[in-house]
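[1] Need coordinates for the below:
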Amino acid sequence: MNKKIILAASLLLSFQISFAQETKKDNTKEKEIDAVTITKTKKAVEQKADRTIFDFSEQPSLNSGSSLEGIKKLPGIVVTDIAGMMYQGKPLQVYMDGRPMNISTNDLTAFLEGMPASAIERIEVVTQPGAEFPATSGAAILNIITSKSAKNYLSATYSGGYRFSDYDKFRNRFNNSIVLNSRNKWFGWQLSAGQTYGESFSSNEMDDISKGFNDKYSRSYFTKAATTFDLGMDRLLLNYDFFVSNNDSYNTSDGSALFEYPENSNLFEDANYHNVGKTKNKNYRNEVTATYQKRFADKSQKLDFKFNYSNFRNNFDQNGTNTIYFPGASVTKPFPSESTSAQNAYNMRVDYSQSLKILDEGKISIGGMYDRLDFKTTFFDVDNLDYQRQTTSLYTELNAKYKKFSFIAGLRAEDYDISGTSYNFKDQKWDNLLPFKKFELFPNASVQYDIVKSLYFNVNYNRKITLPSTSQLNPNNTTFQNPNVDITGNPNVQPTIYDNFEAKISAFDYAFVSYNVSMVKDQVMMYVDRKGKNITQTNVNINSLTQHSFNVGLPIPFMIFSKPLSEVMKFNFNPDKINFLYLYAGYQFQDIKEVVDKKGMWFFNLSGQFILPYGMKFTPNFSYSTNGNYYFFQSTQRIMNRLDLTLSKKFNKDRLTVSLFANDVFNGSRMNFKTVNTATPIYLSNRWDSRTFGFSLNYKIPTKNKLAKEDSNMLKNDTPKDDNGGIMSPK
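    Predicted coordinates:
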């Protein structure tokens, strides 16, 4: 192989390659129209050695609301205010179309609430990221694939929906979006655009000193555009994403705190307060990606160059009045807050792979990456954080297969340079942040044994790192704040290192049993403390913890009661056309030295599909959890006790799908925790209008081109690891 090409490939970042295992054949069904057309069937859930794939495009129970609502229904995924987003006990890094989002917590929640689930093609949860992924991928990756493949025709799909809740008053939510695809033999393009509007509420309580109620009005708009140019065997891919949200929240809060009275007396008195105000939160996100794919006569030989730039801005304003009730008098004061943040992320990478004659078959991948993030914040027009980090990395990974064994071994080297300054308002001076300048090695290894056809046993080890998110670093408050509650980030939190071990048995893509343990150093987590009548909430590093997780998933097709087991075991059927139940159970236990009262937590999920007369489909989804620990918190009420029901039917030659749904029928979604690291427990609670009812529509607009009969949203079994979705899918 040309040494110059290999050298160039080792200068910049990570590709995602297929696991070295036998490619399974797609189930196909032939159906005659005017001519014979091949229609491939999708799988609702697909288990692979390194990932789990959930199809959204054809599941009304998942794609009828917002993206966040759909993600919360996936078995094994837990979304909380305390620990963020986790899958089978592993913290998730969120990607979109193969690229990291670089936002998290409040900003990520707003983004996913503003994007309709109908814009998602599928979600891939990569539980075993190899060396070709950045070491910053952490314990696991949630990759949201939004694009749909464009074939040689023009197609258009409209999606819309409406839902409502009725608690203290009637609240509405609706969304609309359209996707256009086109392709000819020279180039292809895709355009997706949409909007959402939502009215919602949330209420919260912190101990006995603060109660709040938020009435929220959310508006968001998004556009995604992509073009592909065929240059002989090579391709040039260009992507542009834009997202904007404008959210208003009307807030009231009551509590008691210590206030200086009279003013400038240095005397403090315990008094009740009533706070009334409004917050406005605006988010803007732009992202541009250019990819050049060099292809060779040898189909296994690939060379990709990619450049990505993203910009995210947040403006948060709070205007309110605080009325304090002193004995014999009341005082009303303004209670304002203004803060902004802006981040710019740059990423360049190159990846090269080719087949290798080793054992029965093999492949080698090499590549490198340069990544930079600049993050700045202001508070009342005063710059109070200037944060920079850059990462340079190289990797190599080897795949090999020998008889029934598949092997993967990889090594990634990353060099980090993190620095910055923050403004100390108390001392009125700039302080240097704790620097992080290190060179780290991240090995990974995996062995898979094919016990029999469609039955696999896999053991895996990988070392990963998670860099603090900008929301964890942000020293400013970005939620409505009470006089006695201070919620901020911490610019000095350090990266987290993971050593992950996992053993897993999977069968027929759907059933699996797994156990994993993670040795974690410097885990970043929320920390709540109380001094007198003041509560502070920020982020800190836990020195070390060990996390254990056991998970099992089992499909139960009802045909086992009517067909011979030998026929069922072939799994030669379309899962979209049968009745089944899917059972998931997971147990998570965190061993933290500082926590004395250690309790594990069980999570259960039961989802089903029932084919009713007249082609209707009924899809129930039930999630349940026991009480247990999340880092320094222990749930005092089940955080999951939710039943979602969806009834759907297709019309007009399957072009139109209409769904009726009821979410959280039991009205059981709550977040109730107490701290377990403080001398006296601090109780935190939050609830929201999770019980909603509504309908959704998905209409595939007819085209005169007969080729449009081809299913363009197919989940292929040979989907590469670096699936950028849609017209960016490699040939």
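[2] quick one: residue 465 and residue 442 touch, right?
    Yes: Residue 465 sits in contact with residue 442 when judged by CB atoms under 8 Å, with a separation of 7.1 Å. For every residue, glycine as well, the C-beta is placed using N, CA and C.
[3] Could you please give me the overlap between the contact lists of the two?
    Applying CB atoms under 8 Å, 6 or more residues apart in numbering, one finds that residue 465 and residue 442 are jointly contacted by 135, 414.
[4] How about residue 443: what's its closest non-neighbour residue?
    Computed as CB to CB, 6 or more residues apart in numbering, the closest residue to residue 443 that is not its neighbour in sequence is residue 411, at 5.2 Å.
[5] neighbours of the one you found, just the number please.
    Look at residue 411: counted by other CB atoms under 10 Å, it has 16 neighbours.
[6] Am I right that residue 118 falls within a strand?
    No: going by DSSP: H, G, I helix; E, B strand; the rest coil, the assignment for residue 118 is helix, not a strand.
[7] who's the residue nearest to it when sequence neighbours are not counted bridged to?
    In space, and not counting its chain neighbours, residue 118 is closest to residue 159: 3.5 Å by CB to CB, 6+ apart. According to DSSP bridges, the residues that bridge with residue 159 are residue 177, residue 698.
[8] I'd guessed residue 159 sits against residue 700; true?
    No: taking contacts as CB under 8 Å, residue 159 lies outside contact range of residue 700: 9.9 Å.
[9] Have a look at the two and say which one is more surrounded.
    It is residue 159, of residue 159 and residue 700, that has more neighbours when counted by other CB under 10 Å, with 23 against 20.
[10] Give me the pLDDT value at the more buried one.
    Model confidence at residue 159, given as pLDDT, is 88.
[11] mind listing what it touches?
    Contact analysis of residue 159 by CB under 8 Å, 6+ apart lists 63, 116, 118-119, 175-179, 194, 696-699.
[12] and which of these is nearest to residue 167?
    Of all those, residue 167 sits closest to residue 175, with 20.7 Å by CB to CB.
[13] Helix or strand next in line after the host helix or strand of the closest one, which one?
    Using DSSP states H and E, residue 175 maps to strand 170-183. Following strand 170-183 in sequence order, the next helix or strand is strand 187-206 (DSSP H and E).
[14] I'd like to know which elements that next one is packed against.
    helix 105-114, strand 170-183, strand 210-231, strand 683-688 (3 or more CB pairs under 8 Å, 6 or more residues apart in numbering; DSSP states H and E).
[15] picking up where we left off before, would you mind identifying the next helix or strand past the helix or strand harbouring the residue nearest to residue 443?
    According to DSSP H and E, residue 411 maps onto strand 405-424. Sequence order places strand 429-432 as the next helix or strand after strand 405-424, per DSSP H and E.
[16] list the buried ones in whatever helix or strand comes next after that next one?
    For strand 429-432, the succeeding helix or strand toward the C-terminus, using DSSP H and E, is strand 436-452. Along strand 436-452, these residues count as buried under the neighbour rule (16 or more other CB atoms under 10 Å): 442, 444, 446, 448, 450.
[17] Quick one: the residues you listed as a markdown table, columns for pLDDT too.
    Output for the buried residues of strand 436-452, formatted as a markdown table (pLDDT from 0 to 100):
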| residue | pLDDT |
| --- | --- |
| 442 | 94 |
| 444 | 92 |
| 446 | 92 |
| 448 | 90 |
| 450 | 89 |
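[18] which one of these is nearest residue 684?
    Nearest to residue 684 among the buried residues of strand 436-452 is residue 442, at 35.4 Å by CB to CB.
[19] Thought residue 135 was touching the closest one, still the case?
    Yes: between residue 442 and residue 135 a contact is recorded at 4.2 Å, counting by CB under 8 Å.
[20] that older thread, any idea of the pLDDT on the residue nearest to residue 443?
    95.
[21] what do residue 442 and residue 135 both touch?
    What both residue 442 and residue 135 touch, as defined by CB under 8 Å, 6+ apart, is the set 412, 414, 463, 464, 465.
[22] With respect to residue 351, which of the residues you listed is nearest?
    Using CB to CB, residue 412 comes nearest to residue 351 of the shared contacts of residue 442 and residue 135, at 12.5 Å.
[23] residues contacting the closest one?
    So residue 412 contacts 14, 131, 134, 135, 393, 394, 395, 441, 442, 443, 444 (CB under 8 Å, 6+ apart).
[24] which residue ranges form the helices in the chain?
    3-9, 60-63, 67-72, 105-114, 470-473, 565-568 (DSSP state H).
[25] any idea which of those helices scores lowest on pLDDT?
    helix 3-9 (a mean of 32).
[26] if we can go back for a sec, lowest-confidence entry in the contacts of residue 412?
    Of all the contacts of residue 412, residue 14 has the smallest pLDDT value, namely 29.
[27] Now find how far off-centre stretch 214-234 is within its chain.
    How far stretch 214-234 lies from its chain's middle: 17 Å, per CA atoms, centre = their mean, to the nearest Å.
[28] Show the pLDDT at residue 717.
    Note on residue 717: pLDDT of 29.
[29] ok, and the closest non-adjacent residue to residue 451?
    residue 457 (5.9 Å).
[30] Please list only the buried members of the shared contacts of residue 442 and residue 135.
    Of the shared contacts of residue 442 and residue 135, these count as buried by 16+ other CB under 10 Å: 412, 414, 463, 464, 465.
[31] excluding its backbone neighbours, what's nearest residue 702?
    Nearest residue to residue 702, sequence neighbours excluded (CB to CB, 6+ apart): residue 655, at 6.6 Å.
[32] Run a quick check on the one you found versus residue 700, I expect a contact.
    Yes: in terms of CB under 8 Å, residue 655 counts as a neighbour of residue 700; the distance is 4.5 Å.
[33] Residue 384: which of the shared contacts of residue 442 and residue 135 is nearest?
    Nearest to residue 384 out of those is residue 465 (CB to CB; 26.8 Å).
[34] For that closest one, give its distance to residue 414.
    Applying CB to CB, to the nearest Å, the value for residue 465 to residue 414 is 7 Å.
[35] I'm done for today, thanks for sticking with me.
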